[in-house]
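Engineer: got a sequence here, can you build the structure:
(chains A and B)
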Amino acid sequence: MGADAQLVERCLAGDQAAWNELVEIYSRYVYAIVSKGFRLHGEDAEDAFQEVFLRIYDRLGTLRNPEALRPWIAQLTRRVCLDRLAASGREEPAEIEAAGTERTVEELDEAFSVREALAELSEECQEVLDRFFCRDESYRTIGEELGLPSGTIASRISRCLEKLRERFE
Amino acid sequence: MSSSLHGAGYAAAQTAAAAARLVAAVARDSTGWDGAAGVAAQANALAVRLDELATEDAEVFAAALGALAAGSRDLPMRMARAAEVPLEIARTAADVCEAAALVSERCDGLLRADAAASAALASGSALAAAQLVRANLLVAPDDPRVTQAFRAADDARASTLRALDAGS
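Structural biologist: Just a heads-up that it's a prediction; the model follows:
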């Protein structure tokens, strides 16, 4: 049984810690769809965010395939955002869909998968990949910060990327 | 005056970006060594970073010239920014040289000349960018940014020599 399916099972069994975990794992994902996919901000974004997690709490028992928790949450978040936009009359939902929302959600999905896979790598790999790809640090800076010869950093990054790729195979 | 004047910093960043793309292409086309895809990914990331730095350099350079011409009170801040972007270009170009050296040492023989040439191009960019940091009107010769920029240029040169020596 996958991690998401186990999480769903624990939530449905009434485990409060599991609910907290679910919120912690998916809060960034939901917020990213709300703000980047549907361009809701401020109070609107906060309200949509709360509404999504209320619906998850109410409807988790209706999820047929617990392994599909993430796409289910994505779909539910889309629905909440479209409802809010339709109710406010500010923008036609069709326009929002046409504005590349699906592509944004797909990109967020991909980013989320990479983040999950990264978390399974060693701390050293996480550190070196984060410094190079996210913080734009140079090989020299990474080497100095981690006490490693700078000439070995590019090879280390390659090995870590290889391990990351294995997680997707 | 254009809001994004393309000066030497822009040219240095664009040259290093082109070199990084060449490194990525050589790594992708070169089979038989583990890590080729990883180096290609790094070189692509460096190319994207350098493209952004090229644009940023054009903007800060134009803003610094504008502030200089107008005698603006913003001048020190504008000039400082105009030194920091070339410093970042020098560092990033040095990384392109390192990636190129790694590829030169491991790639197929037929592709080695392209990898070594990429290192030479990026090394020139690093040195050019370092010179721009030093030439900044408000940067003193002993400013740490000058030291850091030329250290990056030295790193670039050392990596380039490795790339040129590979396979010989």
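Engineer: okay, and for chain B, where does confidence drop off?
Structural biologist: Residues of chain B meeting the criterion pLDDT under 70: B:1-5, B:167-168.
Engineer: looking at it, which residue is nearest chain A?
Structural biologist: Taking C-beta to the nearest C-beta, chain A has its nearest neighbour within chain B at B:G38, 2.8 Å off. Just so you know, the C-beta spots here come from the backbone N, C-alpha and C atoms, and that holds for glycine as well.
Engineer: host element of that residue?
Structural biologist: Element membership for B:G38, per DSSP states H and E: helix B:36-70.
Engineer: show me where chain A has helices.
Structural biologist: Ranges of helices within chain A are A:3-12, A:16-32, A:42-59, A:69-88, A:93-96, A:102-119, A:123-129, A:139-146, A:153-167, based on DSSP state H.
Engineer: tell me what the fourth one is packed against?
Structural biologist: In terms of contacts (3 or more C-beta pairs under 8 Å, 6 or more residues apart in numbering or on different chains; DSSP states H and E), helix A:69-88 is packed against helix A:3-12, helix A:16-32, helix A:42-59, helix A:93-96, helix A:102-119.
Engineer: rank those helices by pLDDT, which is bottom?
Structural biologist: Mean pLDDT is lowest for helix A:93-96 among the helices and strands packed on helix A:69-88, at a mean of 58.
Engineer: quick one: name whatever helix or strand follows the helix holding B:G38.
Structural biologist: Scanning forward in sequence from helix B:36-70 by DSSP H and E, the next helix or strand is helix B:75-106.
Engineer: packing partners for that following helix?
Structural biologist: Against helix B:75-106 (3+ C-beta pairs under 8 Å, 6+ apart) you get helix A:139-146, helix A:153-167, helix B:8-29, helix B:36-70, helix B:112-135, helix B:144-165.
Engineer: dump the ones you listed into a markdown table; add mean neighbour count and distance to A:K36 as well.
Structural biologist: Shown next, in a markdown table, are the helices and strands packed on helix B:75-106 (neighbours: other C-beta atoms under 10 Å in any protein chain shown; distance: least, C-beta to C-beta, whole Å):
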| stretch | mean neighbour count | distance to A:K36 |
| --- | --- | --- |
| helix A:139-146 | 18 | 29 |
| helix A:153-167 | 19 | 23 |
| helix B:8-29 | 24 | 27 |
| helix B:36-70 | 21 | 19 |
| helix B:112-135 | 24 | 34 |
| helix B:144-165 | 20 | 35 |
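Engineer: related to what we said a few turns ago, for the residue of chain B closest to chain A, give me its contacts.
Structural biologist: Listed by C-beta atoms under 8 Å, 6 or more residues apart in numbering or on different chains, the contact partners of B:G38 are A:157-162.
Engineer: recalculate using a threshold of 10 Å.
Structural biologist: A:154-165, B:27, B:99, B:102 (C-beta atoms under 10 Å, 6 or more residues apart in numbering or on different chains).
Engineer: quick one on the thing from earlier: let's have the helices of chain A in JSON lines, adding distance to B:G124.
Structural biologist: Formatted as JSON lines, those follow (distance: least, C-beta to C-beta, whole Å):
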{"stretch": "helix A:3-12", "distance to B:G124": "49"}
{"stretch": "helix A:16-32", "distance to B:G124": "41"}
{"stretch": "helix A:42-59", "distance to B:G124": "47"}
{"stretch": "helix A:69-88", "distance to B:G124": "47"}
{"stretch": "helix A:93-96", "distance to B:G124": "48"}
{"stretch": "helix A:102-119", "distance to B:G124": "35"}
{"stretch": "helix A:123-129", "distance to B:G124": "28"}
{"stretch": "helix A:139-146", "distance to B:G124": "19"}
{"stretch": "helix A:153-167", "distance to B:G124": "20"}
